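J.: task: produce atomic coordinates for the following.
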Amino acid sequence: GMEEVCYVESTISENAFWLVLNSWSSNPQYLMKPVKKYKILAKSYYQDALLVHESFFDENHEEISPPESETLKYNRIIYRRHLVPRLVEKDNEIDEIIEHNIPNLTVRFQPLLEPSDCSSDLKPSDLPFFYPKVREFIIRYTPISSSTCTSPSNSTTTTTTTTADSTATTTTGLEVDNDISKITTTQSQDSSAHLKPPSKNSKKSKKNSNQPSTTETIITTNNNNTCKISIEAVFFDATTYRNTMKKVGLEVLKKLHKWGNRQDEGGYKKHAHYDQILPRDYYIDTYDRLKAKYKFWADIDSVSEISSGEADNHNAGDSSNINNNNNNIKEKGSGSLWKDAHGGLDPQKYVYEEIAIAAYLVSLWELERKATNSQKMQTFVDMGCGNGFLVNVLRGEGYIGSGVDIRSRKIWSLYNESVRQSLKEEAVMPKEAVYDVDWVIANHSDELTPWIPYIASKNSSSRFLVIPCCFYDFGCKFSKNDTRIGKYKTYLNYIDHVASSCGFKVEMDTLRIPSTKNITIIGRTRDITDQNILDSARSLLLDHANFSTFTPRPYSQPYVPPKRKKP
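T.: Sure thing, here's the model as predicted:
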C-alpha cells in the first residue's frame, strides 16, 4: 500500500504548491532531467467522476482551448503524457498519468508500461532508468496550524529510522534553505540515474561504508513553517529502492520548497528563453540525426591525409562527395589535427557546438522552405568561419555556401575538396562587402559581429543569423556597459539596435550549445526594404560609432600551451 517516504516542513503557500506542480506536470524535464522529449497527450478536467472538459496540446506543448476557469467547475485534473529518454536505444519510452486531486491536496504520478514478459505484474526492470522504481508515488501538501508550530528557541527534532537494503552504504549530506530543515540521510548504493555525481569528498565517505545500514532523516522545525510537504509511494517489495527513493524524494521536496517560495515572492523570472523560434522536438530530432552522422570527428585520435582515391568531380552542393570523404576520414583519423588547429584543446567542444548550431540552421531552413512551399536549398556565407566545420556540415546536408576567415586552419585540409575550395582565407572589408546569398551567418565572429546585419541588409533577399561573443563595435572595442543588466546583455541590445536600424525585424533565441554566450540574433523579415532609406540608416550607424576605417586584425600565431612534464 501507499506509505510515507519522507517529508519536510516548509513555508510555501497552497497556491504556490499548485503553481509549481502544474509547471512540473506540463514540463517533465523540470522534474526528470534525463527526459529528452515528451508529449502531453491530454489534460482532462473532472468534477468528481464526471469529465467536464478535455484539452489537447500543440507541437510547442501549448494547451489548445483551455477551459474558462470562471465558469467551469472541477476538482481533479488528469494529465496523460508520453516520455522519451535520452538513450532511446537503451531505455524504454513510457506513458504516465498525473492526477491533481485539489480537495486532497495531492498529486499522484503513475507509470503506464506493458510488462516485459507474459506475466501481468509490472517489475522495476520494466521502468525506464530515469524513472523512480515504484508502482506510483504522491506529492502531498498538508497545512500546519499556527498552534502546532514550534518556536526557534524550543525547536524539536524528529528522527525516523527504517531498515536499509543489505548493501554497502554511503553517507551524503544535503543542505536545505534555512527556512526549512537541515536534512541528513544515509543512502544505499542502488542510486537512480538522475542523482548528482559523487562529490569530491566521496572517498572520505567510503570509509564509513561499514557502518550499520540504516536510513535516518533528521528534521528540525521552526515557527515560520506553514505546511508539511511529503512524498508517499507504493513500492514493489519490502526492500527494493527504499533508500534511493528517500534520497530522491528529499531532493524533490527541497526543489519544491525553493520553487514555491519563488512563486510566493512574485514568481520566477526566467533568464534563458529556449525554443522561441523552433519547436523543441523538431530541433532535437535534427540534432540527433546530425550528431550520429558527424560525431566521429570528435572521437578520432590519429592524424590522416585525404584519401587520394577521391572523385575528381565535385559539385559544390553534392553532399554525397562530402559523405564519401567523411568515411575516409573515419578510417584515417582527424583528432590530432583538431588539437593542432585549436592550440591543443579538445575537439569535442568544437565539434558538438558546431553540430548544435548546424542543427538549428538546418531546422530553421527546412521550416522556411515549408512555409514558402519552396524546394530550393538555401545558400549561405559563414563570416569568420574559423575551423570551417559548420560549413562542412551544412554542405554535407546539401546546402550551397562558403566560409571566410582571415587565416586558414590546418583542419581545412581534412575536408572534402569541394569544402576546401569553399573556405577562403581573406580579410573582409565589411563596409564594401556584398554577398549574393540567402543567409549571412556568423558565430564568434569578433570584430565582424556588428557588421553581419549591415552586410545582409545590402542584398534585398538576404537574411542573417549571428551569435555574438566578444564585444566589438564597428571600428573598435565595444565599451558601453549598463550595470543594471550587465555587459553581455548591453551588447546584445546594441546588436539588436543595429539590426533594427538596418531594416530587420529582430528575433532572439537561446541555443542549446555548450557556451555561456549562447543567444542568437536573427533577421528573417524586414520592416524597411527601400535601399535609399537603408543607405542613410547605415551611414548614420557608422557616424554614431565614430567609424573612420576598418582595419583587419593582423595575423598572429595561435597559442599552443607547453606540454607538462611528469615529475
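
J.: longest strand of the chain?
T.: strand 35-47 (DSSP state E).

J.: now it: how far from the chain's centre is it?
T.: 21 Å (C-alpha atoms, centre = their mean, to the nearest Å).

J.: need the next SSE after it, C-terminal direction.
T.: Downstream of strand 35-47, the first helix or strand assigned by DSSP states H and E is strand 50-57.

J.: and that following strand, what does it pack against?
T.: strand 35-47, strand 63-64 (3 or more C-beta pairs under 8 Å, 6 or more residues apart in numbering; DSSP states H and E). Every C-beta, even on glycine, is put in place using the N, C-alpha and C of the backbone.

J.: point out the most buried one among those strands.
T.: strand 35-47 (a mean of 18; mean count of other C-beta atoms under 10 Å).

J.: now do it and strand 50-57, the angle between them.
T.: 150 degrees (axes from the mean of the first three to the mean of the last three C-alpha atoms, to 10 degrees).

J.: a markdown table for the helices and strands packed on strand 50-57, including distance to Y360?
T.: Below are those laid out as a markdown table (distance: least, C-beta to C-beta, whole Å):
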| stretch | distance to Y360 |
| --- | --- |
| strand 35-47 | 16 |
| strand 63-64 | 26 |
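
J.: can you put those strands in JSON lines and add distance to A272 and mean pLDDT?
T.: Formatted as JSON lines, those follow (distance: least, C-beta to C-beta, whole Å; pLDDT from 0 to 100):
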{"stretch": "strand 35-47", "distance to A272": "18", "mean pLDDT": "91"}
{"stretch": "strand 63-64", "distance to A272": "22", "mean pLDDT": "82"}
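
J.: looking at those, which is closest to T71?
T.: Proximity to T71 (C-beta to C-beta) singles out strand 35-47 among the helices and strands packed on strand 50-57, at 11.9 Å.

J.: sheet partners, orientation included, of the closest one?
T.: As defined by DSSP bridges, the strand partners of strand 35-47 come to strand 50-57 (antiparallel), strand 76-85 (antiparallel).

J.: can you pull out the helices in this structure?
T.: Assigned by DSSP state H, the chain shows helices spanning 14-26, 202-206, 242-264, 280-294, 319-332, 335-341, 347-372, 389-396, 417-422, 451-456, 487-501, 531-544.

J.: closest one to E54 among these?
T.: helix 14-26 (15.2 Å).

J.: and the closest one, how far out from the chain middle?
T.: 22 Å.

J.: got the angle for that helix vs strand 35-47?
T.: Using the same axes, to 10 degrees, helix 14-26 lies at 130 degrees relative to strand 35-47.

J.: could you export helix 14-26 as PDB, CA atoms only?
T.: C-alpha atoms of helix 14-26 as PDB (Å, rounded to 0.1, in the frame of the first residue of the first chain):
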ATOM      1  CA  GLU A  14      -1.100  26.200  -1.200                       C
ATOM      2  CA  ASN A  15      -1.400  28.400  -4.300                       C
ATOM      3  CA  ALA A  16       2.400  28.200  -4.800                       C
ATOM      4  CA  PHE A  17       2.300  24.400  -4.400                       C
ATOM      5  CA  TRP A  18      -0.300  24.100  -7.300                       C
ATOM      6  CA  LEU A  19       1.600  26.500  -9.500                       C
ATOM      7  CA  VAL A  20       4.800  24.500  -9.200                       C
ATOM      8  CA  LEU A  21       3.100  21.100  -9.700                       C
ATOM      9  CA  ASN A  22       1.200  22.400 -12.700                       C
ATOM     10  CA  SER A  23       4.500  23.600 -14.200                       C
ATOM     11  CA  TRP A  24       6.200  20.200 -13.400                       C
ATOM     12  CA  SER A  25       3.300  18.300 -15.000                       C
ATOM     13  CA  SER A  26       3.400  20.400 -18.200                       C
END
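
J.: lowest-pLDDT helix or strand in this protein?
T.: strand 169-174 (a mean of 29; mean pLDDT, DSSP states H and E).

J.: pLDDT weak spots in this structure?
T.: Low-confidence segments of the chain (pLDDT under 70): 69-70, 114-120, 146-223, 267-271, 300-345, 555-567.

J.: and if we set it to 50?
T.: 147-222, 302-318, 331-333 (pLDDT under 50).

J.: so what touches the longest strand of the chain?
T.: Here strand 35-47 makes contact (C-beta atoms under 8 Å, 6 or more residues apart in numbering) with 26, 28-29, 51-57, 61, 63, 67, 72-86, 88, 95, 130, 280-281, 284.

J.: which of the residues you listed count as buried?
T.: 26, 28, 53, 55, 57, 61, 67, 74, 76-79, 81, 83-86, 130, 280-281, 284 (16 or more other C-beta atoms under 10 Å).

J.: how far away is the closest residue to Y399 other than its chain neighbours from Y38?
T.: Excluding the flanking residues, the one nearest Y399 by C-beta to C-beta, 6 or more residues apart in numbering is M377, at 5.2 Å. As judged by C-beta to C-beta, to the nearest Å, M377 and Y38 stand 31 Å apart.

J.: ditto for T226
T.: 32 Å.

J.: having no further points to raise, I will conclude here.
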